[in-house]
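Undergrad: Generate a structure from the sequence data that follows.
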Amino acid sequence: MTDREQIEALYHEMYSAMVRKDRAELLRLHDESFTLIHMTGMRQSRQVYIDSIMNGTLNYYDEKTESLEITVSGGKAVMRGHSRVTAAVFDGGKHTWPLALQFNLKKTDGG
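TA: Residues are numbered from 1 along each chain as shown. Predicted structure coming up:
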């Protein structure tokens, strides 16, 4: 599997873990330095973000990838794209949101 294929697979694993509310998998997939920047500009640390999924503040149901661009350079990569995410967040109703994404990634333990 190429680095690009592995990154794309990890992205889909991340959304699957978010839907299943799988804390162990989310911790494995997100580095301690992870910060989520919401479409509102609000920032959440890895711990606050995962806790928000676990306690129902953030509820994810589905993700449809519209585009992904992955650039790999040495042990680092940048993934940019667009997706449509079905979620109910911050006591709001269930909606499908068009989201832009950017992940800055680093290779650890050979993957």
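Undergrad: Which residue ranges of this structure form helices?
TA: Assigned by DSSP state H, the chain shows helices spanning 3-20, 23-29, 46-54.
Undergrad: contacts for the shortest one?
TA: Contacts with helix 23-29, where a contact means C-beta atoms under 8 Å, 6 or more residues apart in numbering, come from L10, E13, M14, S16, A17, M18, R46, I50, I53, M54. Any C-beta I mention is one placed from the backbone N, CA and C, and that applies to glycine too.
Undergrad: same check, this time on the first one
TA: Residues lying outside helix 3-20 but in contact with it, judged by C-beta under 8 Å, 6+ apart, are 1, 22, 25-26, 29-30, 53, 58, 60-63, 65, 68, 70, 72, 77, 79, 85, 103, 105, 107, 111.
Undergrad: rerun that using 6 Å as the cut-off
TA: Applying C-beta atoms under 6 Å, 6 or more residues apart in numbering, the set of residues contacting helix 3-20 from outside is E25, L26, L29, I53, Y60, E63, I70, V72, A77, M79.
Undergrad: Stretch 88-96 now?
TA: L58, N59, R84, T86.
Undergrad: Show me what the mean pLDDT comes to for that stretch.
TA: What stretch 88-96 shows for mean pLDDT is 93.
Undergrad: can I have it written out in PDB, keeping just the CAs?
TA: Extracted in PDB, the C-alpha atoms of stretch 88-96 (Å, rounded to 0.1, in the frame of the first residue of the first chain):
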ATOM      1  CA  ALA A  88     -25.900  16.500  15.000                       C
ATOM      2  CA  VAL A  89     -23.600  18.800  17.000                       C
ATOM      3  CA  PHE A  90     -24.000  21.100  20.000                       C
ATOM      4  CA  ASP A  91     -27.600  20.100  20.600                       C
ATOM      5  CA  GLY A  92     -28.600  21.000  17.000                       C
ATOM      6  CA  GLY A  93     -30.600  18.800  14.700                       C
ATOM      7  CA  LYS A  94     -29.200  16.200  12.400                       C
ATOM      8  CA  HIS A  95     -27.900  17.900   9.200                       C
ATOM      9  CA  THR A  96     -25.500  17.200   6.300                       C
END
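Undergrad: What separation do you get for T2 and K106?
TA: 17 Å (C-beta to C-beta, to the nearest Å).
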